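> A predicted structure for the sequence below; I have some questions about it.
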Amino acid sequence: MDHGDYISALRWNGNAAAQAARDASMETMVPSCPEWNLRDLAHHLGSHHRWVAGNLDQSPDGPAFKQREEPPADDGIADWLADGAEMLASKLQATDPAKPCWTWVPFDDSVGFWCRRTTQETAMHRWDAQNAVAGADGFDAGLAADGVDEYLGILGAFRGRRFPEGSIHLHTTDTPGEWLVRLDDDGLHLTREHAKGDVAVRGPASDVLLVLMGRKTMDAVEVFGEAPLFERFRKHASFG
């Protein structure tokens, strides 16, 4: 995916999340984020968009942007959410993805990091919101495969994180995407290749991503080999 693809996906998913917020009570609980209701999810996502927009102007060596805007009352939340997504998309569209800025990862201090990260964050929480209200749309296959790659890449960047030992092969069946995840005392080691793991996880990209992120059960994909290893990995892998 390129910069423009991410921006298009950010706009679509931001608008879809806002529509879900219009379609239900703010008290509606979000099953995939069990401590949140729809109001909490909308506040998180709308604040995230504004925080990211502020960080695009922060020096890589400086502090993170401090969010000061308070969310509106319930009857204005959906529009506030849609406006924030559009504001961020427009700012990203007008900004060189290579421009340095503050980020929270050790391997990328560019606007391009935020474009990818916030698009994936928005898409996942769009799914959460739709799933709370009615049936959720799946992910575009290309966006979902990119989400798997981004998530595993972030996990692999932080050495010393404890995982159950073993190896996991993930394979998307509707778009190119294969990853070998090796887990040891030093953390997660990622290669993008076809290789045998202790457990293999195979399925459409949207389902692989949603299972990896704990939004769907392992029944949504094919699992071969040591299924408990993958289940333990999912429990240890969350970073947010």
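Right, received. Where do you want to start?
> Just give me how far stretch 84-99 sits from the chain centre.
Here stretch 84-99 is found 18 Å from its chain centre; the criterion is CA atoms, centre = their mean, to the nearest Å.
> buried residues in it?
Neighbour counts using 16 or more other CB atoms under 10 Å place 84-86, 88-89, 91-92, 95, 97 of stretch 84-99 among the buried residues. Every C-beta, even on glycine, is put in place using the N, C-alpha and C of the backbone.
> mind giving me CSV with the residues you listed and columns for secondary structure, distance to residue 137 and pLDDT?
Below are these laid out as CSV (DSSP: H, G, I helix; E, B strand; the rest coil; distance: CB to CB, whole Å; pLDDT from 0 to 100):
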residue, secondary structure, distance to residue 137, pLDDT
84, helix, 21, 98
85, helix, 16, 98
86, helix, 19, 98
88, helix, 21, 98
89, helix, 19, 98
91, helix, 26, 98
92, helix, 23, 98
95, coil, 28, 98
97, coil, 27, 98
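> now those residues in TSV, with distance to residue 119?
Listed next are the buried residues of stretch 84-99 as TSV, based on distance: CB to CB, whole Å:
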residue	distance to residue 119
84	14
85	10
86	13
88	10
89	9
91	13
92	9
95	14
97	12
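> wait, is residue 224 part of a helix?
No: assessed with DSSP: H, G, I helix; E, B strand; the rest coil, residue 224 is strand; it does not lie in a helix.
> Distance of it relative to residue 198?
10 Å (CB to CB, to the nearest Å).
> In terms of neighbours, single out the busier of those two.
The neighbour count for residue 224 versus residue 198, taken as other CB atoms under 10 Å, is higher for residue 198 (16 against 13).
> low-scoring stretches of the chain, by residue?
Applying pLDDT under 70 to the predicted model, the residue ranges of the chain that meet it are 160, 239-240.
> show me where it has helices.
3-22, 38-55, 74-93, 111-133, 141-157, 205-212, 227-236 (DSSP state H).
> As a markdown table, these with distance to residue 30 would be great.
As requested, these are arranged in a markdown table below (distance: least, CB to CB, whole Å):
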| stretch | distance to residue 30 |
| --- | --- |
| helix 3-22 | 10 |
| helix 38-55 | 5 |
| helix 74-93 | 14 |
| helix 111-133 | 4 |
| helix 141-157 | 19 |
| helix 205-212 | 14 |
| helix 227-236 | 19 |
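> Can you say which of the ones you listed is nearest to residue 176?
Residue 176 lies closest, by CB to CB, to one member of the helices of the chain: helix 141-157, at 7.2 Å.
> rewinding a little: tell me which of the buried residues of stretch 84-99 is nearest to residue 150?
Within the set of the buried residues of stretch 84-99, residue 97 lies nearest residue 150; the separation is 14.5 Å, counting by CB to CB.
> From residue 6, how far out is that closest one?
Taking CB to CB as the measure, residue 97 falls 9 Å from residue 6.
> Now for those two: what residues contact both?
Common contacts of residue 97 and residue 6, defined by CB atoms under 8 Å, 6 or more residues apart in numbering, comprise residue 115.
> rewinding a little: point out the most buried one among the helices of the chain.
helix 205-212 (a mean of 25; mean count of other CB atoms under 10 Å).
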